[in-house]
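>>> I'd like to go over a predicted model; first the sequence, then the structure.
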Amino acid sequence: LFVAEDPVPMTLASSTPPAKEYLPMVWLTGAGKTWEGLSAEYLERVVDFLKPSQEAAEKTRELTGENPDDADAIARVTTFVRDTMTYQGLVFGIRSQIPNYCVDILNNRYGDCKDHSFLLLHMLRSAGIRAYPALVDTEKSAQPGLPDIGQFNHMIVYLPDFEGGHFIDATDKFATLRSTPYGLADEPALVLDPEDPRIVTIPAYRAEENQILIDREMQLSENNSLRVTERVELEGLAAGWLRELLQDVTEMEYPLAIANAFEMREFGNIADVRVQNLDNRELPLVLSYNYSLENQFHNVGGIVTGRTPGTWEQLLLRIRPEEKERRAPIWHRMPLTIQTSMQLALPQGYELSSALPLGPVQTSTPYLSVDFHPSNGGGTLSFKTTLSSPQGLFPASEAQARRQALERASAAVQHPIALERPAR
């Protein structure tokens, strides 16, 4: 008999972690199993599919030449598999566990995660690179202490000698070569190495693989609307999200797609949208555009007051209504850093008012750190801001503290500004 007193209900609130992190659960499996035995059984079932493939080797030589550098070979064959194979999932029957032969995968140009992984594995091996299939659970429920191969639902590839041990998800069409597979950081993977089958924890996301760099130029018009020109660079996982979104829409649909996906009201009227490096995932994804914000500033008694905008910054600063009475833990799925450089050209005849002085702000909490530095000179106000949010899991009891930290950060980033004409 298992009893859970006053359990936290399952919730669809934002930033909710996987169910295993906060819901009461009982995990059961058959006795007497080992990962070594289960791995051997699976490898026996696919032994014919693990024999060297002449077709995969020929394709590898075509892509890499005879004596490729390891890093270059990994990049070329991974790009080939990701870009030329269409993903089609299969979750029933014998094919839910058994791949196709490489010759068929290459001819079909489509396949599920096993087909993608086995093709990549054979191409890497033919280039002299050690590679093994690895099983993972994308639903984040795998229990390493309970050997049962049925708890895995996805296959990726493990390279033990590349960068200290690296995992590649060949079905992720928008990831960079060196990024941690999306949705799998810190999760256990069963590496099907016949000499040493083992559970390996997939590395955590690195802070540098998820960044957004913003350059924002602003000009205040005579009617107190704000004309804004932005250039945004997205790197790593952040770029992958947006690449996947923009691949399926036309250029005319970019503004609405971004506005809906990221809940940015400013994007309702953006214009002159340009995108660079959409098809090259190893380079930052670059967006440039402009927009206007009506009534962003107000003239009261000769003093013009308003706030600077914060578009992409809201990815870290947005506060959801459900945060007030939260019972589920708060999950920061991955680290994210947003660096913003803003310039506001002062209207002719105006200067910064002493009524709202500007000063640096530096705060650090477990949930978010803020570094805000303003400067004033040459008829331009400049602001440099860095927001950094770590990966982590925080108890629901800290929801109020986190909310307050976000409110303080938002007040710093979207800082109030007062302008006035100098006294004569």
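Noted; the coordinates are in hand.

>>> In the stretch 201-350 of the chain, where is pLDDT below threshold?
265-268, 321-324 (pLDDT under 70).

>>> which residue ranges form the strands in it?
Using DSSP state E, counting those that start in this stretch, the strands of the stretch 201-350 of the chain run over 210-220, 226-236, 271-276, 285-293, 297-300, 303-307, 330-332, 336-345.

>>> Of those strands, which is nearest residue 374?
strand 336-345 (9.1 Å; C-beta to C-beta). For every residue, glycine as well, the C-beta is placed using N, CA and C.

>>> pLDDT weak spots in the stretch 1-150 of the chain?
1, 90-95.

>>> end to end, how far does stretch 342-349 reach?
Using C-alpha to C-alpha, to the nearest Å, one end of stretch 342-349 lies 21 Å from the other.

>>> Mind listing residues that contact it?
Residues outside stretch 342-349 that contact it (C-beta atoms under 8 Å, 6 or more residues apart in numbering): 214, 216-220, 222, 304, 308, 352, 379-385, 417, 419, 421.

>>> OK, contacts around the most centrally placed residue in the chain?
Centroid-nearest residue in the chain, with C-alpha atoms, centre = their mean: residue 237, separated by 3.2 Å. By C-beta under 8 Å, 6+ apart, residue 237 lies in contact with 175, 179, 182, 205, 209-210, 334.

>>> Just the buried ones from those residues?
Those of those that meet the buried threshold are 175, 179, 182, 205, 209-210, 334, by 16 or more other C-beta atoms under 10 Å.

>>> in stretch 75-88, what counts as buried?
So for stretch 75-88, counting by 16+ other C-beta under 10 Å, buried means 75-78, 80-82, 85.

>>> burial count for residue 350?
By other C-beta atoms under 10 Å, 16 other residues sit near residue 350.

>>> Just the closest of the buried ones among the contacts of residue 237 to residue 97, please.
residue 182 (23.5 Å).

>>> Which strand or helix spans the closest one?
In the assignment (DSSP states H and E), residue 182 maps to no helix and no strand.

>>> Do I have it right that it meets residue 171?
No. Using C-beta atoms under 8 Å, residue 182 is not in contact with residue 171; the gap is 10.4 Å.

>>> Now the closest residue to residue 379 other than its chain neighbours: phi and psi?
Computed as C-beta to C-beta, 6 or more residues apart in numbering, the closest residue to residue 379 that is not its neighbour in sequence is residue 346, at 5.1 Å. Torsion angles at residue 346 (phi, psi; degrees, to the nearest 10) stand at phi -70, psi 140.

>>> Residue 373 now?
According to degrees, to the nearest 10, residue 373 has phi -130, psi 110.

>>> do residue 16 as well
Dihedral angles (degrees, to the nearest 10) for residue 16: phi -90, psi 130.

>>> What of residue 20?
phi -70, psi -20.

>>> separation between the closest residue to it other than its chain neighbours and residue 272?
Nearest residue to residue 20 in three dimensions, chain neighbours excluded: residue 141, at 5.4 Å (C-beta to C-beta, 6+ apart). Residue 141 is 46 Å from residue 272, where distance means C-beta to C-beta, to the nearest Å.

>>> The two: who's more crowded?
Between residue 141 and residue 272, counted using other C-beta under 10 Å, the more crowded position is residue 141 (15 against 9).

>>> who's in contact with that one?
So residue 141 contacts 18-20, 151 (C-beta under 8 Å, 6+ apart).

>>> For residue 304, see how far away it is.
55 Å.

>>> Kindly report the same for residue 150.
Where residue 304 is concerned, residue 150 sits at a distance of 65 Å (C-beta to C-beta).

>>> Between these two, tell me which one has more neighbours.
Under the criterion of other C-beta under 10 Å, the comparison of residue 150 against residue 304 puts residue 304 first, with 19 against 8.

>>> does that one have beta-bridge partners, and which?
For residue 304, the beta-bridge partners are residue 299, residue 419 (DSSP bridges).

>>> That one reaches residue 420, doesn't it?
Yes. Applying C-beta under 8 Å as the test, residue 304 and residue 420 come out as touching, 7.2 Å apart.

>>> Between those two, which contacts overlap?
residue 350.

>>> Checking my notes, residue 381 in a strand, right?
Yes. The assignment for residue 381 is a strand, going by DSSP: H, G, I helix; E, B strand; the rest coil.

>>> Distance of it relative to residue 71?
Residue 381 is 45 Å from residue 71, by C-beta to C-beta.

>>> Tell me which of those two has more neighbours.
Applying other C-beta under 10 Å to residue 381 and residue 71 shows that residue 381 carries more neighbours, namely 22 against 13.

>>> OK, contacts around that one?
Here residue 381 is in contact with 343-344, 346, 352, 358, 374-375, 417 (C-beta under 8 Å, 6+ apart).

>>> bridging residues for it?
Residue 381 has the following beta-bridge partners by DSSP bridges: residue 344, residue 376.

>>> ok, so what distance separates it from residue 414?
For residue 381, the distance to residue 414 - C-beta to C-beta - is 14 Å.

>>> Just the CA coordinates for stretch 223-232, please, in PDB.
What follows is stretch 223-232, C-alpha atoms only, in PDB (Å, rounded to 0.1, in the frame of the first residue of the first chain):
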ATOM      1  CA  ASN A 223       4.100  63.000 -31.100                       C
ATOM      2  CA  ASN A 224       5.900  61.000 -28.400                       C
ATOM      3  CA  SER A 225       5.800  57.700 -30.300                       C
ATOM      4  CA  LEU A 226       9.000  55.600 -30.300                       C
ATOM      5  CA  ARG A 227      10.600  54.400 -33.500                       C
ATOM      6  CA  VAL A 228      12.700  51.400 -32.900                       C
ATOM      7  CA  THR A 229      15.300  49.500 -35.000                       C
ATOM      8  CA  GLU A 230      16.500  46.200 -33.700                       C
ATOM      9  CA  ARG A 231      19.100  43.700 -34.700                       C
ATOM     10  CA  VAL A 232      19.000  40.400 -32.800                       C
END
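
>>> so how far is it off the chain centroid?
27 Å (C-alpha atoms, centre = their mean, to the nearest Å).

>>> Check which residues of it are buried.
224-226, 228, 230-232.

>>> Going by distance to residue 156, which of those residues wins?
For the buried residues of stretch 223-232, the nearest to residue 156 is residue 232 (30.0 Å; C-beta to C-beta).
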